[in-house]
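*Asks:* This is a predicted model, with the sequence first.
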Amino acid sequence: MIINTNTGAADAARLLADTTSALQKSLKRLSTGSRIASIADDAGGSAVAYKFSAQVTRLNASRDNVSNALSLAQTQEGYLDKVAGALERMSELAMLATDETKSDTDRGLYQKELEELRDYITDVTTKDFNGTSLFSGATLTVTLGTTQSGTATTLGVTGLDLGNVNYTKIASSGNTFSVSSAGSAAASLVAFQTAIGQLASDRAQLGANISRLETEKNTLSILRDNLSAARSRIVDVDVAEESANFARQQILVQSGTAMLAQANILPQSALRLMA
């Protein structure tokens, strides 16, 4: 029986310190929701999770780029819908002006409306989206991300050109198309029909652009969600499992505390031998 060195108490104290540390770590995991309470818990996993987080951040930025391009395309769609209406009305006015029962005075009234519609189309050609021309015909380059080698991956969106000759020959203020006479109305009708055909082609291209952008946006969203799930498997705590571990460590701390108290009492038995 030894008094100076209580090895039982020392062992109990060491084990109690270990279980207390484990309990604190479990408590931190549950309170933060993170499995990796400290980078030392999983150094490799922390590094991989960090790269996943950075990639998810870049994907969110790429998705914003695509969303902005999609907003630009939808703005183009809105304007082209109005241009389509203007061209339809211009062709209608030209058809009405070919009626031999109309006088030139009547046609003059049609001409006034025609000129206003022509000016509207001319004005639309100058519209922009946050400084980017909507109808210059320039290809819009959308950055989607980068490859492992650092090369940017981009998507080229075909531009729409309201400066196309099929538009400008009727929208230009100096054009000779009019409905002021039956003959000029018949000639103008051909030009209007040609412009309508060009617009139909441009709207088809715009529809393809929007479809492609929406597909890219959905693809980026899927990739982002999968990367987030992969990161979650590394860093997020399983609450059910960790709760069970927390209860286990809590019991060990309580029992360790009780046993340490008992170990500290043992040397007192030596007093009975001295009595």
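*Replies:* Cool, the structure landed.
*Asks:* so residue 100, which of the three states?
*Replies:* Secondary structure, DSSP: H, G, I helix; E, B strand; the rest coil: residue 100 is coil.
*Asks:* Contacts only, for it.
*Replies:* Contacts for residue 100 (C-beta atoms under 8 Å, 6 or more residues apart in numbering) come out as residue 182. For the C-beta atoms, the positions are set from N, CA and C on the backbone; glycine is no exception.
*Asks:* do you know how far residue 59 is from residue 221?
*Replies:* When distance is defined by C-beta to C-beta, to the nearest Å, residue 59 is 8 Å away from residue 221.
*Asks:* who has more neighbours, the two?
*Replies:* Per other C-beta atoms under 10 Å, whichever of residue 59 and residue 221 has more neighbours is residue 59, with 19 against 14.
*Asks:* what's the offset of the helix or strand that the more buried one is a member of from the middle of its chain?
*Replies:* The secondary structure element spanning residue 59 is helix 43-97 (assigned by DSSP states H and E). In terms of C-alpha atoms, centre = their mean, to the nearest Å, the centre of helix 43-97 is set 11 Å apart from its chain centre.
*Asks:* likewise stretch 186-199?
*Replies:* In this view, stretch 186-199 has its centroid 40 Å away from the chain centroid, taken as C-alpha atoms, centre = their mean.
*Asks:* who touches it?
*Replies:* Stretch 186-199 is contacted from outside by 80, 83-84, 87-88, 90-91, 94-95, 98, 164, 166-167, 169-170, 177-179, using C-beta under 8 Å, 6+ apart.
*Asks:* cutoff 7 Å now
*Replies:* Surrounding stretch 186-199, the residues in contact under the criterion C-beta atoms under 7 Å, 6 or more residues apart in numbering are 80, 83-84, 87, 90-91, 94-95, 98, 164, 166-167, 169-170, 177-179.
*Asks:* before we move on, what about stretch 87-97?
*Replies:* Residues beyond stretch 87-97 that count as contacts (C-beta under 7 Å, 6+ apart) turn out to be 107, 110, 113-114, 117, 179, 182, 185, 188-189, 192-193, 195-196, 199.
*Asks:* OK, contacts around the residue positioned nearest the centre of the chain?
*Replies:* Closest residue to the average C-alpha location of the chain: residue 63 at 2.9 Å, with C-alpha atoms, centre = their mean. Contacts here follow C-beta under 7 Å, 6+ apart; on that basis residue 63 touches 217, 220, 221, 224.
*Asks:* hmm, which of the contacts of stretch 186-199 are the buried ones?
*Replies:* Neighbour-count burial (16 or more other C-beta atoms under 10 Å) applied to these gives 80, 83-84, 87, 90-91, 94-95, 98, 164, 166-167, 170, 177-179.
*Asks:* farthest pair in these?
*Replies:* By the measure C-beta to C-beta, 80 and 98 form the most distant pair in these, at 27.1 Å.
*Asks:* separation between residue 120 and residue 215?
*Replies:* Separation of residue 120 from residue 215 (C-beta to C-beta): 33 Å.
*Asks:* just residue 151 next, same as before
*Replies:* According to C-beta to C-beta, residue 151 stands 22 Å off from residue 215.
*Asks:* Find the residue ranges of the stretch 151-275 of the chain scoring beneath the pLDDT cut-off.
*Replies:* 172-176, 270-271, 273-275 (pLDDT under 70).
*Asks:* So which residues of it form helices?
*Replies:* Secondary structure of the stretch 151-275 of the chain (DSSP state H, counting those that start in this stretch): helices located at 165-171, 182-235, 239-265, 270-274.
*Asks:* How far away from the center of its chain is stretch 207-215?
*Replies:* Using C-alpha atoms, centre = their mean, the distance from the centre of stretch 207-215 to the centre of the chain it belongs to is 15 Å.
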